[in-house]
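Undergrad: Structure of the sequence below:
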Amino acid sequence: MIEKAIARRYAQALFMTAQEHNLAQKFLADFETFVAALNRSKELAAVFYNRVIGSEAKKELIKALFGQSLHPYALNFLYLILDKEREAYIGDMLEIYQELWREEQGILNVDVTTAVALEPQQEKALAAAIGNITGKKIILGRNIDAAILGGGIIKIGDSVYDGSVRHELSALHHELSK
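TA: All right, here's what the predicted structure looks like:
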């Protein structure tokens, strides 16, 4: 839990800086580019996450590889992460930054779990209904879980709305067991 708090502090600081300079989308793209490179290159990740290699050597490598493509503020952010030895949190920092950016854009990610795949028109109707309630543009994440039997489970942030048949049967069983 403390890891998320650390990541949130750094992501919020980067986001605030990006907003001040009207660069939130550019920083998002830069941040995603860097983390994607870490995920693609085992060699880069091995150096970046290595506690034995000093921050100055890591900074030189980042500057050589990304100095021309990343905004100077984004580079400075990466350097700060290295100076403070927060490399392990970079994935969480990116996720939180993405959440902050989507929130600013009025976009809300919603995870929907159903027993079978929804038809495209059902997905559109569901996204529209949730959008009307929340006042945001909805991006649906779709999951299939036959174990819920029917209905669906909707997760919006930390809130879960379980309208699955499995949940209803469990509630009925609980009531009958009293």
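
Undergrad: Could you report the distance from Thr93 to Leu38?
TA: Just to correct that, residue 93 is Met rather than Thr. Going from Met93 to Leu38 by Cβ to Cβ, to the nearest Å gives 12 Å. Placement of C-beta: from N, CA and C, glycine included.

Undergrad: Looking at those two, which is more packed in?
TA: Met93 (24 against 19; other Cβ atoms under 10 Å).

Undergrad: Return the residues in contact with that one.
TA: Going by Cβ atoms under 8 Å, 6 or more residues apart in numbering, Met93 touches 7, 10-11, 14, 31, 81, 86.

Undergrad: between the residues you listed, which has the most around it?
TA: The most neighbours of any of these, using other Cβ under 10 Å, belong to Leu14, which has 27 neighbours.

Undergrad: what sits against that one?
TA: For Leu14, the contact set (Cβ under 8 Å, 6+ apart) comprises 27, 31, 77, 93, 97.

Undergrad: Likewise for Lys136?
TA: So Lys136 contacts 106-108 (Cβ under 8 Å, 6+ apart).

Undergrad: can you rerun that using 10 Å?
TA: 102-103, 105-110, 130, 156 (Cβ atoms under 10 Å, 6 or more residues apart in numbering).

Undergrad: Give the phi and psi angles for it, as a check.
TA: phi -130, psi 160 (degrees, to the nearest 10).

Undergrad: try Leu118
TA: phi -80, psi 150.
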